[in-house]
Every structure is written in structure tokens, then in C-alpha cells.
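Visitor: no sequence on this one, just coordinates:
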Ligand SMILES: Nc1ncnc2c1ncn2[C@@H]1O[C@H](COP(=O)(O)OP(=O)(O)OP(=O)(O)O)[C@@H](O)[C@H]1O
């Protein structure tokens, strides 16, 4: 595998939540929370997930249209997060963004020709005639007429405007385009045309593309690989058809289950998504999806099917959030319209019904806990109910999050984090000469080398917190070879080793299936 054009590692964007005139920080919106992905030259990566899961923020932070809170964005061997303003201007020429609503990115007083030519002017193409030729050629390639040059945005349809948006993004001959919901504002009839155009442009310009969409049909149409985002995290990355045929993460399965599919064999299969995405300012612990996950793992102490387990957990979650409306249950249960006189058994039954909890659970221990909680609720003791349910129904998913690990082997999450640390360090030095690489390595390993007397394999492992040896044989071989290449000053060869063994293409989730 060749080295990717874009290697995003641990990218994080938190927005502070402030209060009062002094704007004291009282919390953080964890919009993007440590995501990693790669995009090869000429490749199209889809970024999918429900509304609010952080896709647009991820795009803006990747292109440094907003400052990331943490993480690295390595683009063509350089760390974009280190760039000064000048380097950023150069980067923005090579990495462009296309927005959902092209109208907002146009100045209504500028003609189409002027709008498309503007980036050329900004980036120093002074020759007017040359600008005109480039613009005419691009308009032609995006399927517009040369005569459209003199028209204004308000004279164009949505589809035509998106074509102009693409022409404008292409005008500086970028290597990467990030398209944020490029067709969701368009009529369905025009969407296919624009997707087809994106596909053709990508091929003829050899572009790397990141296509952001909440619509799985869109990504299936144009993407080589797909990364699935949930609540600020990437839960699964896989080649497109593999993802659709064999989704590994329960969130991906639920997302696919909620999308209408053309294939009649798959219609109605799988689980669907219910409820809203929780707030990113207070994400659930463990696997963030566990509060909605139809496949949440039952505690081994109980013998309940997954649907009942989900119902019990929904009940537990709602009680803990003080979200059970007991008065409404009393009203529902009251035979003679007097909630105060409602039969307590009927109130308990009404609450069970609301959450889909069976009248009697087959597992005695679970039934006892639910019955106790219902007794407390009926006695208006919400805290008592919450304590009982919190103690009785833990799930492994509250403690452990699905861990992205390379399909190459069973490395644990700490080892994987160390490998990625080494990979990013190497990726930003691939073009450096041998002496520079060795010099940088010496500095990186200064503490460990002091102890060891020289920079050797052990010092490098210690500096990057890599186990010695890594338990998985394939991973150990790749890392060992990469370290040897580094010690010889050959960062390029080290990067090749690491991408070959641990490249984003084969990155799959998750321990839940294992
Ligand atoms: N400037 C901001 N300040 C505070 N919170 C923000 C800001 N921008 C985004 N967010 C929050 O971050 C989370 C992720 O938003 P983002 O727009 O990235 O999601 P998305 O997946 O692109 O959703 P959509 O498809 O609706 O655009 C949301 O909860 C959003 O409210």
C-alpha cells in the first residue's frame, strides 16, 4: 500500500460551554472526540452518521477552517496542525471544501465566472485571459455552458449552483476535496446527476475525496471506503461493499436497518434506530451507542433475550434521568378519570407497557429488581427506583467501548495507540534526509537514550510506548522492520511498512463481535 495523502490521527474538537458574564467554562461539547482515518490519493472516503454526530465539525477541523483541540492532520507528509498562516494558505489551495448549500458560498453580486475565478486571483494568477480560459474549461467539465459565465447565482437552479460550487473547488487544481452533504439540498431527480458528476471529476482529476453524508445511499454510490461516525467518534471503517454486506458495529447495523434498501432480500432485516443522539456535552460512558443499542450486551447474570434486555435498560436509563412521568401513568391507568385513585397494579402495568417490559420477566432476579423499582416509583420514590435499577442492571457496554483495531491481528488498544503514534511521527518525516531523520529520532528518544546510552531499538520502543515484543506476530514484524528502517534514517521505508501493515483500509471494529 502506498502512503495515504491524508492521515488524520486522534482529531478532537471540543467547544466550551460557558456561563455568566465572566463566561466561566462549565462544560464542553465534545463534537469530535479523537477520530482517526486515512484517505489515499484518488480515493473517495465517505463519512456517515446521523445528524449531530460531528461530521461537519470533523471536516472543518481537518481542513483547519476551525482550530482542532487536539490531534494531528498529516497531509502529504506534513502536519497541518503545525502550519503557520502562510503554509495554511498553500494547504487550502490543495485541499478544498464544497458545501451543502452552495448559495451561501457565493457573493450574489458576483457573476458565475467571477466567482469561479476568484480563488485563482487570490492565489496569484494575474493573467486575465488565462483565468478566463481556465474558468470556461471548468464550467464545461462540470456540465455548464460557456454562456453561464455572465449569469448570477440567483438565476441558477440548485443543481447548477452545486456544479458551480464544484468548479470553484476545482479551479486551483486541488489534491483533496471535502464535500459536506453535497447533494442533500438538491431535488432527488438532480442528486444522481451531481453524484455522477462528482464520480467523473474525481476520476479525471485523480482527486482524493471525502464525502460527508447522512444518506447511506449517497456514500454507497460514490465511495471506496466508509467511516461511520457516532457521537464524535468513528465506530467502524471498511471498504464500502464490505460495510454494506457485513456491517460489524451494532451502530452501523442499526443505521443500515433504518435506511430503505433496494435489495428485496435485505428489506426488513436487521435492527432500526430509535431515539435521539445523546448530547455530545455529556456522552454516555463506555460504548457511546449503548444507550440506544438494540444489541446491548446483557449482563451474564441474567437470562433475558436482547429485546427484553433493551427494554429493561431503556427503563433504567429513563428512571435514572428522572424521565418517567408517573402522573401520566396514573392518568392512563385510572378507571374513573381520577389519577389519585388509580390502582397501583394498573400504574405498574402502564409503566411496563410504556417501555415494552413484559408483565413478568422470565428471569426471577431481573423481575425482582424491576418490581422493586416499580414499587418505589408508585410510592413517588424516584431515587429509590434509580438506585435499585442502577445496581441491578450493569452492562459491559457501559464500561468498555468498541475499540478500533487493525484487522491484521489482535493487538490491544494501548498497543494500537502506540503504533498510531509512531505512524504519525514517521509520516511527517518521509521526505527528510537520513541525517535529519536520525537527528529527530535522537531528540524524540533523548530520555530513553540517556538511560540506554544510545538510540537503539529498545529506546525507540520506549519513546513511543510500544511493547517489546508486540504479542501479535505480524504486527511485531512490521513494527520491528519500521524501527530498523528509522534507525537507518529511512522514514519513507518505515512509513511504507506501517501503512502496509496497518493502513486505514483494513481498520475494522470491534470487540463486541469477537
Ligand atoms: N460552534 C459550535 N459550538 C458549540 N457546539 C457546536 C458548534 N458546532 C457544532 N456544535 C455541536 O457539535 C455537534 C456536532 O455537530 P456537527 O454539525 O459537526 O454534526 P453533523 O454530524 O455534521 O450534523 P449535521 O448533519 O446536522 O450537520 C452537535 O451537537 C452540534 O450542536
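Guide: Yep, that arrived. Model, not experiment: these values are computed from the prediction.
Visitor: Could you use CA atoms for every contact and neighbour count after this?
Guide: Fine.
Visitor: and stretch 128-141, how far from the chain's centre?
Guide: On the basis of C-alpha atoms, centre = their mean, to the nearest Å, stretch 128-141 sits 36 Å off its chain's mean C-alpha point.
Visitor: Please apply the same query to stretch 292-310.
Guide: With C-alpha atoms, centre = their mean, you get 26 Å for stretch 292-310.
Visitor: Contacts for that stretch, please.
Guide: 250-251, 254, 271-275, 290, 356-358, 362-363, 365-366, 393-397 (C-alpha atoms under 8 Å, 6 or more residues apart in numbering).
Visitor: Can you give me the end-to-end span of that stretch?
Guide: In terms of C-alpha to C-alpha, to the nearest Å, the two terminal residues of stretch 292-310 are separated by 8 Å.
Visitor: list the buried ones in that stretch?
Guide: 292, 293, 294, 295, 296, 297, 298, 303, 304, 308, 309, 310 (16 or more other C-alpha atoms under 10 Å).
Visitor: Get me the contact residues on the protein for the ligand.
Guide: Within reach of the ligand by C-alpha under 6 Å from any ligand atom, the chain has these residues: 15, 29, 31, 51, 52, 53, 54, 55, 56, 57, 280.
Visitor: Could you rerun that using 8 Å?
Guide: Neighbours of the ligand within the chain, by C-alpha under 8 Å from any ligand atom: 14-17, 29-32, 48-58, 181, 213-214, 229, 231-232, 279-281.
Visitor: and the residues you listed, which of them are in helices?
Guide: Counted as lying in helices by DSSP state H, out of the residues of the chain next to the ligand, are 55, 56, 57, 58.
Visitor: Pull out the buried members of the contacts of stretch 292-310.
Guide: Buried residues within the contacts of stretch 292-310, defined by neighbour count using 16+ other C-alpha under 10 Å: 250-251, 254, 271-273, 290, 356-357, 366, 393-397.
Visitor: okay, now the domains of the protein?
Guide: 6-252, 306-394, 405-508 (automatic domain parsing).
Visitor: what's the distance between the shortest one and the middle of its chain?
Guide: Put plainly, it is domain 306-394. The answer for domain 306-394 is 36 Å, by C-alpha atoms, centre = their mean.
Visitor: Need the distance between the two termini of that domain.
Guide: Terminal residues of domain 306-394 are spaced 14 Å apart (C-alpha to C-alpha).
Visitor: quick thing: my sequence starts at 345, can you match it?
Guide: Shifting the count to begin at 345 puts that one at domain 650-738.
Visitor: Tell me the strands beside the lengthiest strand in the chain, with direction?
Guide: Taking DSSP state E as the criterion, the chain has its longest strand at strand 368-383. If you go by DSSP bridges, strand 368-383 pairs up with strand 350-363 (antiparallel).
Visitor: The stretch 645-794 of the chain: helices as residue ranges?
Guide: Taking DSSP state H, counting those that start in this stretch to define them, one finds helices in the stretch 645-794 of the chain at 650-664, 670-677, 688-699, 708-722, 726-736, 740-743, 757-771, 778-788, 790-796.
Visitor: What is the neighbour count of residue 769?
Guide: For residue 769, the neighbour count with other C-alpha atoms under 10 Å is 21.
Visitor: swap in residue 683?
Guide: Residue 683 has 18 neighbours, counted by other C-alpha under 10 Å.
Visitor: Spit out the contact partners of it.
Guide: Counting by C-alpha under 8 Å, 6+ apart, residue 683 makes contact with 671, 674, 675, 676, 677.
Visitor: hmm, which of those are the buried ones?
Guide: For the contacts of residue 683, a burial check counting by 16+ other C-alpha under 10 Å picks out 674, 675, 676, 677.
Visitor: Report the central residue of the protein.
Guide: residue 573 (3.1 Å; C-alpha atoms, centre = their mean).
Visitor: Not counting sequence-adjacent ones, nearest residue to that residue?
Guide: residue 393 (5.0 Å; C-alpha to C-alpha, 6 or more residues apart in numbering).
Visitor: Run through the residues that contact the one you found.
Guide: Residues in contact with residue 393 (C-alpha under 8 Å, 6+ apart) are 399, 557, 558, 572, 573, 574, 599.
Visitor: Same question for residue 801.
Guide: 827, 828, 831.
Visitor: What are the boundaries of the helices in the stretch 445-594 of the chain?
Guide: 456-466, 472-485, 502-514, 532-549, 560-566, 584-589, 594-601.
Visitor: Counting by contacts, list what the first one packs against.
Guide: Yep, that's helix 456-466 we're talking about. Packing partners of helix 456-466 (3 or more C-alpha pairs under 8 Å, 6 or more residues apart in numbering; DSSP states H and E): helix 472-485, helix 502-514.
Visitor: This completes my enquiry, with thanks.
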